[in-house]
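>>> predicted model, plus sequence, below.
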Amino acid sequence: MRIAVIPGDGIGQDVTAEAVKVIRRVGEVFGRSFDLEMLPYGADYYLQTGITLPPNGYAMLRDEFDAIYVGALGDPRIPDMRHGRDILLGTRFELDLYVNHRPVKLLHERLCPLKGRGTADVNMVIFRENTESLYVGIGGRFKAGTEDEVAIQEDINTYKGVHRIIRHAFEYAKANGLTKVCMADKSNAVTHGHALWQRVFKEVAPQYPGIEPTHWFIDALCMQMIKNPAQFEVIVTNNMFGDIITDVGAQLQGGLGMAASGNIHPGRTSLFEPVHGSAPKYAGKNVANPVGAILSAALMLDFLGLRQEAAAVEAAVKESVVTVNGTAEIGGTLGTRETGDYIAAAIKAPKA
Ligand code: IPM
Ligand code: MN
């Protein structure tokens, strides 16, 4: 299996080293070989060469690899995030990775900021549409920089785009024995664009008889995620709202450093990355929490069909969190590297 690895910037480098360590350990324990190709793209590379991704970059990632792993992108020397847009958002769009799969799973109750909530209360998957919404960049600025400036950015919603993500959410629920799918939009105010979400949700839901469809407007959903997170199993929403609520979800499971994601087009080369950014001030200090990065590697293994391997990584992470063998974010005293060592060593082969 060929995997492109782009550690990127800041703590992306730190946490990717640990994810790679864990993937290699999985290889040893399960007798598999992973061909990890380290790629240099990121802020330093861009500043030195002027290249964000090479001209054939997207095709190369798509055609030469089974999966792509990214650490984080973002650097104060590149305020417009040009390289990040090309490497991360560009790959989402060019490879048509329409599913942003973001689990929200609390691994120990002490990490939850909500009073009296435990692991049974916070366990959901958020499906964020990943190729449309305000992210497509259609729009422009007129009389920019003056007091007459007009700035327009269009919220794109297509039948195809809305349909495929809603269908994916139901298919995931069905395949995993889940019984509820919640859709969130803002159709009470965004009356054209989000009416399409209403229409498609009502069209698709009846095709899944054992699954209860529910709906919240996005503002109420934010409130409900805090008030009663136990009501959610699967949430599906648009790109912009999904960006926001997955940060809320990250806090529910103990912080941004815990959160994993997959940018997926089922059946095609897909991209896996922790939800957090490059956190430049913590870079290279051996303090970043590698759990989100390692869980993103587990999502990648699962996507590659290696279910047992993915489960073994998740179990090792859970053990490290429960026994407080981790960084300050989980209440531990270990560094980034020592956390990676602990988790790698905790990976066990399945019982025969
Ligand atoms: C995320 C990030 C990105 C996004 C940024 C870095 C453009 O916040 O993956 O959630 O908005 O999608
Ligand atoms: Mn985000």
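All right, it came through fine. Ligands and ions are numbered 1, 2, ... in the order given.
>>> give me the three-state assignment for the most centrally placed residue in the chain.
Using C-alpha atoms, centre = their mean, the residue of the chain that lies closest to the mean C-alpha position is Ser261, 2.1 Å off. On the three-state scheme (DSSP: H, G, I helix; E, B strand; the rest coil), Ser261 is labelled strand.
>>> got the contact list for it?
By C-beta atoms under 8 Å, 6 or more residues apart in numbering, the contact set of Ser261 is 100-102, 246, 272-275, 296, 299. Bear in mind the C-beta positions are built from the backbone N, C-alpha and C, glycine included.
>>> could you do His265 as well?
For His265, the residues meeting the contact criterion (C-beta under 8 Å, 6+ apart) are 95-99.
>>> at 6 Å instead, please
Remark: with contacts taken as C-beta atoms under 6 Å, 6 or more residues apart in numbering, His265 is in contact with 96-97.
>>> from what I see, Ala67 and Arg2 are in contact.
No - when contacts are counted by C-beta atoms under 6 Å, Ala67 is not listed as touching Arg2 (8.2 Å).
>>> and the stretch 101-250 of the chain, which residues reach ligand 1?
Within the stretch 101-250 of the chain, the positions lying close to ligand 1 (C-beta under 6 Å from any ligand atom) are Asp243.
>>> circling back: biggest separation within the contacts of Ser261, which pair?
By the measure C-beta to C-beta, Thr246 and Phe272 form the most distant pair in these, at 14.5 Å.
>>> mind telling me what element the residue in the stretch 101-250 of the chain positioned nearest to ligand 1 is part of?
Residue nearest to ligand 1 within the stretch 101-250 of the chain: Asp243 (4.4 Å; C-beta to the nearest ligand atom). Assigning secondary structure by DSSP states H and E places Asp243 in helix 239-252.
>>> repeat that for Leu271.
Secondary structure from DSSP H and E places Leu271 in strand 270-274.
>>> quick revisit: which one of Thr246 and Phe272 is surrounded by more residues?
The neighbour comparison of Thr246 against Phe272 (other C-beta atoms under 10 Å) goes to Phe272, with 27 against 21.
>>> so that one touches Ala298, yeah?
No - counting by C-beta under 6 Å, no contact exists between Phe272 and Ala298, whose distance comes to 9.0 Å.
>>> report how many residues lie close to Tyr58.
Should you count by other C-beta under 10 Å, Tyr58 turns out to have 17 residues around it.
>>> that one and Thr91, how far apart?
Tyr58 sits 6 Å away from Thr91, taking C-beta to C-beta, to the nearest Å as the criterion.
>>> got the contact list for stretch 232-248?
Surrounding stretch 232-248, the residues in contact under the criterion C-beta under 6 Å, 6+ apart are 102, 124-129, 132-135, 166, 169, 173, 178, 180-184, 218, 225.
>>> picking that back up, from the contacts of Ser261, which is closest to Thr333?
Checking the contacts of Ser261 one by one against Thr333 (C-beta to C-beta), the nearest turns out to be Pro274, at 21.4 Å.
>>> quick check: that closest one vs ligand 1, distance?
Relative to ligand 1, Pro274 is positioned 9 Å away (C-beta to the nearest ligand atom, to the nearest Å).
>>> ok, now Pro7?
If you go by C-beta to the nearest ligand atom, the gap between Pro7 and ligand 1 works out to 16 Å.
>>> fine, thanks again, bye for now.
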